[in-house]
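# need the 3D shape of this:
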Amino acid sequence: MKHKDMIMENNLVAKSNDLVVASYALTRHEQNLLLACVSQINSLPDAPIVSIESRFTVTVEQIKDLFYRGSTERNAYRDLKKAADHLFEREVTIKLDKDETLRTRFVSSVKFQPNDSQVTLRFAEDILPYLTQLKNNFTRYRLADTVELTSVYAVRLYEIIVCWQGQNRWSETLDLDDFRYMMGVEDKYRQFSNLRDRVIETAVEQINENTNYNVTVSYRKVKREHRSVTFKFYKKGAISLTDDKGALSLDKIRRIVRSAQFTADYNDHQLLSVEARDSNEAFWAKAEQLIAESPKEFSKRPFNDYLKIKTD
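Below you'll find the predicted structure:
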């Protein structure tokens, strides 16, 4: 892969959490194009301003290496053009405060450049705040993290899991209608078996096989009707922190970070020392989140050693 394509693959995708859990329906090719453009935005607070005049170009070579491995250039541009055409028509529904709802589009314009084998997009005005100048409550991951996911629902669920995990949540239960809303399938897969097989189980299987997350799923029935779905998830490096059902154990993590030995080992940790100056509670909360995100960062001793030590 050429250097410029490696740069795109290593780009960060950053979205407001409100956009992550919004309702929209895209094909995988449309989703690929959208993410390739979003990943070009520098979302840091001091980044250059992105406006409705800002343009984002995706070339056939970039999109082929990221998402169309094995395709010919001709087919890659055909798919890229088709994805851009359809993305221009797609809309997204975002839930706001006070029971208000925003209905907008992702893209305000598309420029097709067949001679250069590329397309250039501009984002719609109302979607930009959810992609730029993100100061808090946002989800971030590397574009490369989703390259191997072929299901559009796997990418959506992956984003939602990253969002939850960033909020220090390792288990979440959703009403099935709410889940359909998030996946953009409110009018599809009304039969539970179809939703389970084509959306949920497919997404979970691909995430478990191709990302650094492990996800387990269970369902709740009321009077023989399936009403909700529960996802439990953890980073694969945290296998020693799982419970007997294979899900990340919040109780174990809480006991670990509250042990005097853990504090002694990591009170000078780059990401924890600042929090530790404020209060024990802030130190514990930050440590819980970091262990779930990057368990390999805490390698001074096995996690089980802290579980054997009396906590504060």
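
# can you mark which positions in stretch 47-55 are buried?
Using 16 or more other Cβ atoms under 10 Å as the test for burial, stretch 47-55 gives Val50. In this view, the C-beta of every residue, glycine as well, is placed from N, C-alpha and C.

# to clarify, my last question referred to stretch 21-39.
For stretch 21-39, by 16+ other Cβ under 10 Å, it's 21-26, 28-39.

# and for stretch 121-133?
Leu121, Arg122, Phe123, Ala124, Asp126, Ile127, Leu128, Tyr130, Leu131, Thr132.

# from Ser16, how far out is the second one?
With the distance defined as Cβ to Cβ, to the nearest Å, Arg122 ends up 19 Å from Ser16.

# tell me the contacts of the nearest residue to Ser249 once chain neighbours are set aside?
The shortest distance from Ser249 to any non-neighbouring residue, by Cβ to Cβ, 6 or more residues apart in numbering, is to Asp243 (4.1 Å). By Cβ atoms under 8 Å, 6 or more residues apart in numbering, the contact set of Asp243 is Ser249, Asp251, Lys252.

# which of those residues count as buried?
For the contacts of Asp243, buried by 16+ other Cβ under 10 Å: Ser249, Lys252.

# tell me the SS of Asp244?
Secondary structure state of Asp244, per DSSP: H, G, I helix; E, B strand; the rest coil, is coil.

# any idea how far it is from Val162?
For Asp244, the distance to Val162 - Cβ to Cβ - is 25 Å.

# over to the residue nearest to Ser249: give its phi and psi.
Backbone geometry at Asp243, expressed as degrees, to the nearest 10, gives phi -90, psi -170.

# please apply the same query to Tyr141.
phi -160, psi 170.

# contacting residues for it?
Tyr141 touches Leu12, Val13, Tyr158, Glu159, Val162, counting by Cβ under 8 Å, 6+ apart.

# same thing but 10 Å
Going by Cβ atoms under 10 Å, 6 or more residues apart in numbering, Tyr141 touches 12-15, 35, 39, 158-159, 161-163, 166, 211.

# is it bridged to anything, and to what?
Beta-bridge partners for Tyr141, by DSSP bridges, are Val13.

# poorly predicted segments of the stretch 151-300 of the chain, please.
274-277 (pLDDT under 70).

# now the helices for it?
Along the stretch 151-300 of the chain, counting by DSSP state H, counting those that start in this stretch, helices occupy 152-166, 176-183, 192-195, 201-210, 250-257, 260-266, 273-276, 280-293.

# deepest of those helices, which one?
Across the helices of the stretch 151-300 of the chain, the average number of neighbours (mean count of other Cβ atoms under 10 Å) peaks for helix 152-166, which reaches a mean of 22.

# just the CA atoms of that helix, as CSV, please.
Listed in CSV are the C-alpha atoms of helix 152-166, where the atom choice follows Å, rounded to 0.1, in the frame of the first residue of the first chain:
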residue,chain,number,x,y,z
VAL,A,152,-23.0,-2.0,7.3
TYR,A,153,-24.7,-3.0,10.6
ALA,A,154,-21.4,-4.3,12.0
VAL,A,155,-19.8,-0.8,11.4
ARG,A,156,-22.8,0.9,13.1
LEU,A,157,-22.8,-1.5,16.1
TYR,A,158,-19.0,-1.1,16.4
GLU,A,159,-19.4,2.7,16.5
ILE,A,160,-22.1,2.4,19.1
ILE,A,161,-20.0,0.1,21.3
VAL,A,162,-17.0,2.4,21.1
CYS,A,163,-19.4,5.2,22.1
TRP,A,164,-20.7,3.3,25.1
GLN,A,165,-17.3,2.2,26.2
GLY,A,166,-16.1,5.8,26.1
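
# now that helix against helix 280-293, angle please.
150 degrees (axes from the mean of the first three to the mean of the last three Cα atoms, to 10 degrees).

# off-centre distance for helix 152-166?
4 Å (Cα atoms, centre = their mean, to the nearest Å).

# over to stretch 231-246?
Taking mean C-alpha positions (Cα atoms, centre = their mean), stretch 231-246 and its chain are 18 Å apart.

# and stretch 14-21, by the same measure?
For stretch 14-21 - counting by Cα atoms, centre = their mean - the centre lies 9 Å from the chain centre.

# understood, closing this out.
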